[in-house]
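>>> From the sequence below, what's the structure:
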Amino acid sequence: MAGTPTPTNTQPTTLNPDEIQKNESYVAYGRRMCGKVNGTPTPLTALLHKVFLYERNRQSNDRQLQERHRLENQNKLANLQADIERNKIDQRAVEAKLEENDTNHQILQNKLIEAQSHIGQENKMAKAKMILGLCILAVLTVYLFVFYSSTFYSAFFKDFMNISDNFLAEAMFDSRAIPLALKNGFGSFLFIMCAPMIFMGLGYLLHFYSVDKGKLKYLKIGVTVIITFVFDCILAYIIANKIYDVMVMMSPVDMPPFGFDIAVKDINVWAVIFCGFITYMIWGFVFGLTISAYEELKTNKGEILKYQSEIKQNRAEKTILTDQLTQLQRDESSLGARKQNLDNQLATGVFIFNNDEIRTAMNDFFSGWITVMTPMGLAHEQQQECQAIFNRTTDQLLKD
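Just a heads-up that it's a prediction; the model follows:
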């Protein structure tokens, strides 16, 4: 840029036309030298070196500039020292985590070895879980069998006009549902007997979908639960409709026909849904826990798999911590090198140079040089060659 200071303190006493003149900007100097050599690329390297030396001489002879640079470097040094201290603190924290990780790894390894030594022995905890699960399953199975056989019979075969009181209780828990269905015919009997198996089969599927791998299992579980819920809603709607029809016939006043709006507000509907659906869900979960306990009855495979998974996770955590420590050590080395460089610059008798200002001076010189080449009618290839020389020279002279 034209505003870049000219090295006035180092101007030659003779008016050597190859040197920069007093009060001459680097842009003007670049234009003048390009015109003098007719844009020939060969002298450009030496001229760029001259500009580099001019600017370094200017900075080294400028005491105020040197003092300003020294203060800036002292501030940088203080900041670097703080960064180094923080880096050491971070390293100590990561090293402590690595020690804790190693301790946990050893504990998990010992637990895994202990668990593997008990393979084949009876797992008392699994046995207790299985017995408790079987007891709960037996009660729930009887409940579901009575409930769904009663609700299916009530929904499809029962005449609610013959019920004198407590319509809902007899609809959901009718002990005569099976013999009455048999009295209606073998088909009705078979239908009523198979109905509870449908819902227990859905609960069976719910368990096996839950142990599947992959995200598709969640879709399967969701579909199974929705199908069961819709099934229960249909049964509840039919039963509530029949009860409502009886109430209409017994009511001395007119009542609107049964519809979805009434069903949503009807407590009979929700009673049937939740007495069946919630129990079905509990049956499915208990069945799954019971199966899992049975699988571990003569083995502690689940315990072994758990420890193996924890060890794998522990190793992954160690890898992350090791990478963090390695990066912190690299950062410490880089910070140390930068600190050493600043210490050297701040040493007595060593000049401090601002490469950004030197680069600006060289850019100004070359911008003046390149603006003359086009009016001189020089080929594009020659301009590109000068650009390459400029890039290569500045990279060599200003590398950190």
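>>> Tell me which stretches of the stretch 51-200 of the chain form helices.
If DSSP state H, counting those that start in this stretch is used as the criterion, the helices of the stretch 51-200 of the chain fall at 63-117, 124-156, 167-172, 177-184, 186-210.
>>> Out of the ones you listed, indicate the one that is most buried.
helix 167-172 (a mean of 20; mean count of other C-beta atoms under 10 Å). All C-beta spots, glycine's among them, are computed from the backbone N, C-alpha and C.
>>> I'd like the average pLDDT over that one.
Mean pLDDT, helix 167-172: 54.
>>> next one: stretch 372-391
86.
>>> What are the buried residues along stretch 256-268?
258, 263, 266, 268 (16 or more other C-beta atoms under 10 Å).
>>> surely the first one meets N241?
Yes. Because the distance of 4.8 Å satisfies C-beta atoms under 8 Å, F258 is recorded as touching N241.
>>> which stretch in the helices of the stretch 51-200 of the chain has the least confidence?
Mean pLDDT is lowest for helix 167-172 among the helices of the stretch 51-200 of the chain, at a mean of 54.
>>> Throw the helices of the stretch 51-200 of the chain into JSON lines and include distance to E385, thanks.
Supplementary listing: those in JSON lines, determined by distance: least, C-beta to C-beta, whole Å:
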{"stretch": "helix 63-117", "distance to E385": "35"}
{"stretch": "helix 124-156", "distance to E385": "82"}
{"stretch": "helix 167-172", "distance to E385": "96"}
{"stretch": "helix 177-184", "distance to E385": "101"}
{"stretch": "helix 186-210", "distance to E385": "72"}
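>>> Those: which one's closest to N16?
Proximity to N16, assessed across those by C-beta to C-beta, is greatest for helix 63-117 (25.7 Å).
>>> Which strands and helices lie in contact with that closest one?
The contact analysis (3 or more C-beta pairs under 8 Å, 6 or more residues apart in numbering; DSSP states H and E) places helix 63-117 against helix 44-61, helix 301-346.
>>> so how far is the first one off the chain centroid?
Using C-alpha atoms, centre = their mean, to the nearest Å, we find the averaged C-alpha position of helix 44-61 to lie 53 Å away from the chain's own average C-alpha position.
>>> Can you give me the buried ones in it?
44, 47-48, 50-52, 54-56, 58-59.
>>> In terms of secondary structure, what does it contact?
Contact partners of helix 44-61 among helices and strands, from 3+ C-beta pairs under 8 Å, 6+ apart: helix 26-36, helix 63-117, helix 355-373, helix 380-397.
>>> out of those, nearest to M200?
Across the helices and strands packed on helix 44-61, closest to M200 is helix 63-117 (C-beta to C-beta), at 34.2 Å.
>>> picking that back up, what's the closest of the buried residues of helix 44-61 to E85?
Q59 (31.8 Å).
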